[in-house]
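>>> Can you look at this prediction? I've put the sequence above it.
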Amino acid sequence: MPAPASAAVELLLAERAVLQTLYTYARTIDNGNLQEWLDCFEPDARWLLRSSGGPVEWEHAGHDQLAKFFDWHSHAPQRLHLHLTGNVVPEVSLETGQATVESYMVRLDRDAEERPYVFAFGKYHDTLRRGADGRWRFAIREVEYDAGPPSSALSSSAPGVSRVDAGRSPATP
């Protein structure tokens, strides 16, 4: 059993690695680096979207669906936007190799006249697992938006976008 000081250091290092995954997710979806973005996720990971207090509206499961979603999503330089993550509260278990994280998210965009505006804001509810390689990856990333475009603004015919209707399983177009 490690000494208390070394256990505290190990926990801090794990928390820092979890934060690095959150920040890498934001940076790579903004700049269009698919492989580095996918490496933030376990192969069987789920990405979920819902409005505050509402049911899950969109789901992408596994690397294939996540890659299709990534390709559908806008990236620089075609469209400049920033995903910002803050007020991060990680709960890391070194024993189980699992972490839960609550954080705030804001997405900033530019309009046609290059003026900045808030596209959406809300919260992330994440579950991460430590892989055999020591890397912490999302098992579940749930996006709960408090304000943003209505889900109807997201085209249900977009590649890799799975619509989830209340009480029904996901249907991939």
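Perfect, I can see it now.
>>> Can you list the buried residues in stretch 95-110?
99-101, 103, 105-108 (16 or more other CB atoms under 10 Å). From N, CA and C alone the C-beta is placed, and that goes for glycine too.
>>> Determine how far it lies from the middle of the whole chain.
Chain-centre distance of stretch 95-110: 7 Å, with CA atoms, centre = their mean, to the nearest Å.
>>> Next, the residues that contact that stretch from outside, please.
The contact list for stretch 95-110 (CB atoms under 8 Å, 6 or more residues apart in numbering) reads 14-15, 18, 22, 79-93, 116-130, 136, 139, 143, 148.
>>> Just those residues: which are in helices?
Among those, the ones falling in helices (DSSP state H) are 14-15, 18, 22.
>>> Now distance to Trp37 too, for those residues, in TSV please.
Putting those into TSV (distance: CB to CB, whole Å) gives the following:
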residue	distance to Trp37
Ala14	21
Glu15	21
Val18	16
Leu22	12
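>>> which of these lies closest to Ser6?
Of all the ones in helices among the contacts of stretch 95-110, Ala14 has the smallest distance to Ser6: 12.7 Å, by CB to CB.
>>> low pLDDT regions in this protein?
The chain contains residues with pLDDT under 70 at 1-3, 149-173.
>>> Can you tell me the centre-most residue of it?
Centroid-nearest residue in the chain, with CA atoms, centre = their mean: Arg141, separated by 4.7 Å.
>>> Contact partners for it?
25, 41, 45-48, 124, 126.
>>> Recalculate using a threshold of 6 Å.
47, 126 (CB atoms under 6 Å, 6 or more residues apart in numbering).
>>> what bridges to it?
Legend: beta-bridge partners of Arg141 under DSSP bridges are Trp47, Asp126.
>>> the strands in the protein, which residues?
For the chain, the strands defined by DSSP state E occupy 41-51, 56-61, 81-93, 98-110, 116-130, 136-147.
>>> Would you convert those into CSV that also reports distance to Ala8?
Formatted as CSV, the strands of the chain follow (distance: least, CB to CB, whole Å):
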stretch, distance to Ala8
strand 41-51, 27
strand 56-61, 36
strand 81-93, 12
strand 98-110, 16
strand 116-130, 18
strand 136-147, 18
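>>> Figure out which of those strands is closest to Ala5.
With CB to CB, the closest approach to Ala5 among the strands of the chain belongs to strand 81-93: 17.1 Å.
>>> Show me what that closest one packs onto, helices and strands only.
helix 4-31, strand 98-110 (3 or more CB pairs under 6 Å, 6 or more residues apart in numbering; DSSP states H and E).
>>> Just the buried residues of the first one, please?
The one in question is helix 4-31. Quick answer for helix 4-31 (16+ other CB under 10 Å): 14-15, 17-19, 21-22, 25-26, 28-30.
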